[in-house]
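K.L.:
Could you look at this predicted model? Sequence included:
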Amino acid sequence: MTNPAGKLLIQVHADGVGIASTRPVQAARLLVGRGTAQTLHLLPALFSICASAQATAGVTAIEQALALTTDPAVGARRRQLVAVETVREHLWRILLDWPRALSEPPDTAAMAAAMAADAAWRATLTAGGDLLTPAARATVGAAPTTVPARLQLAELGARWVFGLAPDTWLGQVDGLATLVTWAERTETVAARLVRRVLAADWAGLGRCAVDALPELPAPDLERHLAGADPAADAFVARPNWDGQARETSAFTRQLAWPLVLDLTERFGNGLLPRLAAQLTEVARGLAATAGESAPPASAPLPPGVGLAQVQAARGLLVHRVRLADEQIAEYRILAPTEWNFHPQGVVAAGLSGLVQHAAPAELEPLARLFITAVDPCVDFDLNFFTDRLDR
C-alpha cells in the first residue's frame, strides 16, 4: 500500500547524491473552503507526525488571521506541548534507531514506557480547557513546569539514555573531553554509540558547508508563501533562503549550547555534533530548569492573513493561512524536512562527502545513521549506485 505520508527517495552515486520526494507537500490545499473549527480539527489528523506542533502552528496562524490575542498562559502551555512532543520524537530515534547502528535490537519496552509517560504529561498540560481553539483561555493558570509524568520521563531518560539525571548530564558534559569521559563510564545505547563513533573516527563524517536557516522575518516569508503563484508551491516543495539551501534541525537549535559548540568547532556539522545535539535537546527538555523558547515577534501582515513559526522536533514548521469570511481561502505548510532534504541541502551534501571518506563496507550503515541524525519526518528509501559499496 502507498504510504499517505509519502517517502524520501535517496540515491547515492559516485559523483553525487539525488533526493526526490513523494511527500504530499501541497496537502494543505484540502483545507481550502473549510471553516476554521473544522480546519483545526483536521490538522492533527492530516499531519499526524508532530501533531502538537502542527495543531499549535495552525491555531496560532488562524488567531493572527482573525486578529485575536493569545492568552499568555495558553501560549505557554502550547509551547510545552510541542516541547514534550520534541522529547518523545528524539527518544524514538535514540531508543529505536540508534541501537540498529550498533547491530542491536530496538528497545521497544523502554519506548513504550516513554510513550506512556509522554501521554500522561500531555494530559496534565491540556487539563482545564481546549488549548487548540482560537482565543482559548486556560482555567488552571500557567503551564506547570514540574509534574509527576515529567519527573517519571526524566527518570526513564536517566536510566536508558544518560545514566544520570538529565540536568546533571547537562552540567557535567560540556565539551569533547567530558563527553568522552561520560561515554567511557556509561553503558546506555547513547553512550555506546558515542564510543563507537569516536573509536571509528566518524565524528566529522557528513560535514558540509550548508548553513543554518536564519531567523525568517514574517513579511519576507509572506512574500514567498502568498497567493496562487506557482512559485509559492515551488518554494514549499524546495525552499531556499537568499538562493541557498539551509538547515533547520535540533542541531541548528543547539549550536550555542557548550557541548554542541565545542564539538562543532572540532567536527563541523558532522555526525557526532548531530548526535550530541539530540541528546542535549532531550536533556534540556527533561531538566526541571528547562526554559521555554518564545515565539518570534509578530509583524504586520495583510488583513485576514496569519503566519505562525513553530520549532517542531525536526526543525522550523511554518503555517500560512488567508481567511475570507472566516473560511480558508489559502493554506500552505512549510515543513523542516523540505529544507533538510532539499536536493542541494545538508543531507545531499553530507552524503556526498561521506561517500568519499567512508570505508565501502561501512558506507550504507553510516549513511543511514547520518540520515537518522538529521531526522526526516517520514520513511526513506536509500539506494547506492557506486562501485565503492562492497555488496
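P.N.:
That came through fine.

K.L.:
Now do stretch 161-174: everything it contacts.
P.N.:
91, 94-95, 154, 157-158, 178-179, 182, 185-191, 258-259, 262, 279-280, 282-284, 286-289 (C-beta atoms under 8 Å, 6 or more residues apart in numbering). C-beta here means a position set from N, CA and C on the backbone, and glycine is covered the same way.

K.L.:
Buried ones from those residues, can you make that a ChimeraX selection?
P.N.:
Listed next is the ChimeraX selection for buried residues among these, using 16 or more other C-beta atoms under 10 Å:
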select :91,94,95,154,157,158,178,179,182,186,188,189,190,191,259,262,279,280,282,283,284,286,287
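
K.L.:
quick one, what contacts the closest residue to Val197 other than its chain neighbours?
P.N.:
Nearest residue to Val197, sequence neighbours excluded (C-beta to C-beta, 6 or more residues apart in numbering): Leu272, at 5.3 Å. Shown in contact with Leu272 (C-beta under 8 Å, 6+ apart): Val194, Val197, Leu198, Trp202, Ala203, Gly204, Leu263.

K.L.:
Can you give the distance of the least confident helix or strand in the chain by mean pLDDT from its chain's centre?
P.N.:
Least confident helix or strand, the chain: helix 148-157 with a mean of 89, by mean pLDDT, DSSP states H and E. Between the centre of helix 148-157 and the centre of its chain there are 21 Å (C-alpha atoms, centre = their mean, to the nearest Å).

K.L.:
and Arg322, helix, strand or coil?
P.N.:
Following DSSP: H, G, I helix; E, B strand; the rest coil, Arg322 is assigned to strand.

K.L.:
before we move on, what about Ala20?
P.N.:
strand.

K.L.:
Counting neighbours, what do you get for it?
P.N.:
Look at Ala20: counted by other C-beta atoms under 10 Å, it has 13 neighbours.

K.L.:
Tell me where the stretch 1-150 of the chain has strands.
P.N.:
Under the criterion DSSP state E, counting those that start in this stretch, the stretch 1-150 of the chain contains strands at 8-13, 16-21.

K.L.:
Just tell me which of the ones you listed ends up closest to Met115.
P.N.:
Nearest to Met115, of all these, is strand 8-13, at 24.6 Å by C-beta to C-beta.

K.L.:
and the residue nearest to Val197, that one's in a helix?
P.N.:
Yes: Leu272 forms part of a helix when assessed by three-state DSSP.

K.L.:
Tell me how far it lies from Arg266.
P.N.:
9 Å (C-beta to C-beta, to the nearest Å).

K.L.:
which residues are in contact with both of those two?
P.N.:
The contact lists of Leu272 and Arg266 share Ala203, Gly204, where a contact means C-beta under 8 Å, 6+ apart.

K.L.:
Show me what the least confident helix or strand of the chain is packed against.
P.N.:
Here helix 148-157 touches helix 108-126, helix 271-286, going by 3 or more C-beta pairs under 8 Å, 6 or more residues apart in numbering; DSSP states H and E.

K.L.:
distance of the residue nearest to Val197 from Leu193?
P.N.:
Using C-beta to C-beta, Leu272 is found at 10 Å from Leu193.

K.L.:
Distance-wise, check Leu216 relative to Thr248.
P.N.:
10 Å.

K.L.:
the more surrounded of these two?
P.N.:
Shown here are Leu216 and Thr248; by other C-beta under 10 Å, Thr248 has more neighbours (28 against 18).

K.L.:
how many other residues sit next to the closest residue to Gly58 other than its chain neighbours?
P.N.:
Ranked by C-beta to C-beta, 6+ apart and with sequence neighbours excluded, the top spatial neighbour of Gly58 is Leu43, at 4.4 Å. Burial of Leu43 is recorded as 24 neighbouring residues (other C-beta under 10 Å).

K.L.:
show me what contacts Leu43?
P.N.:
Neighbour list for Leu43: Leu31, Ala51, Gln54, Ala55, Gly58 [criterion: C-beta under 8 Å, 6+ apart].

K.L.:
now do 7 Å
P.N.:
By C-beta atoms under 7 Å, 6 or more residues apart in numbering, Leu43 lies in contact with Gln54, Ala55, Gly58.

K.L.:
how near is it to Cys50?
P.N.:
In terms of C-beta to C-beta, Leu43 sits 11 Å off from Cys50.

K.L.:
Ala276 too?
P.N.:
Counting by C-beta to C-beta - Ala276 and Cys50 are separated by 22 Å.

K.L.:
same check, this time on Arg322
P.N.:
Distance from Arg322 to Cys50, by C-beta to C-beta: 23 Å.

K.L.:
so where's the stretch 251-391 of the chain shaky on pLDDT?
P.N.:
For the stretch 251-391 of the chain, the stretches with pLDDT under 70 are 288-299, 386-391.

K.L.:
For it, just list every one of the strands.
P.N.:
305-312, 315-324, 327-334, 380-385.

K.L.:
Of all these, which one comes closest to Thr69?
P.N.:
Among the strands of the stretch 251-391 of the chain, strand 305-312 sits nearest to Thr69 (C-beta to C-beta), with 12.7 Å.

K.L.:
Would you quantify the distance from the residue at minimal distance from the centre of the chain to Val82?
P.N.:
Nearest to the mean C-alpha position of the chain, by C-alpha atoms, centre = their mean, lies Arg314 at 1.1 Å. Distance, Arg314 to Val82, by C-beta to C-beta: 12 Å.

K.L.:
Please apply the same query to Asp97.
P.N.:
Distance, Asp97 to Val82, using C-beta to C-beta: 21 Å.
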